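Engineer: Predicted structure and sequence below. I'll ask about it afterward.
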Amino acid sequence: MKNTDSYKELLEIIGPYLPEDIDPGTVDKNSHLINELNINSAHLVDIVLDLEDRYDILLEDEDMQKMQTVGDALEIIGLKTSGKNG
């Protein structure tokens with residue numbers, strides 16, 4: 001899976017959870033999910049569940065704690081999917 005494809009897919013997953021005052025076009029890999037994008041903890045759980053469904057992976061509590069920025073999420077998805085075939 002290409003990193004740009006993962007980034008685009010991640011933005012598609014995060015988009016619906018962004019508050020109205022956040023422009024999805026301003027989201028980049030350094031955007032902090034909670035502090036900058038104002039994603040609340042309940043929505044963060046929903047995002048994690050969506051990621052698990054989309055990539056057929058299991059994200060542990062420690063993965064959620066490490067997932068501070070969009071880039072962190074991409075890195076974790078990459079690590080979890082790299083061991084999978086296809």
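Structural biologist: Here it is on my side, so go on. As the structure is a prediction and not an experimental result, all values here were calculated from the model.

Engineer: Got the phi and psi for the closest residue to Ile13 other than its chain neighbours?
Structural biologist: Among residues not flanking Ile13 along the chain, Asp50 sits closest, at 4.8 Å (C-beta to C-beta, 6 or more residues apart in numbering). Backbone N, C-alpha and C define where each C-beta goes, glycine included. Dihedral pair for Asp50: phi -60, psi -40, per degrees, to the nearest 10.

Engineer: Can you get me a residue count around Asp50?
Structural biologist: Neighbour count of Asp50, defined by other C-beta atoms under 10 Å: 16.

Engineer: now do Ile14
Structural biologist: For Ile14, the neighbour count with other C-beta under 10 Å is 23.

Engineer: quick one, helices of this protein?
Structural biologist: 3-14, 41-55, 61-66, 70-82 (DSSP state H).

Engineer: Point out the most buried one among the ones you listed.
Structural biologist: Comparing the helices of the chain by mean neighbour count (mean count of other C-beta atoms under 10 Å), helix 70-82 ranks first with a mean of 17.

Engineer: List of residues touching that one?
Structural biologist: The contact list for helix 70-82 (C-beta atoms under 8 Å, 6 or more residues apart in numbering) reads 1, 3, 6-7, 10-11, 14, 27-31, 33, 51, 55, 57-59, 63, 66-67.

Engineer: what about that helix, average pLDDT?
Structural biologist: Averaged across helix 70-82, pLDDT comes to 94.

Engineer: Just want the angle from that helix to helix 3-14.
Structural biologist: Per axes from the mean of the first three to the mean of the last three C-alpha atoms, to 10 degrees, the angle that helix 70-82 makes with helix 3-14 is 110 degrees.
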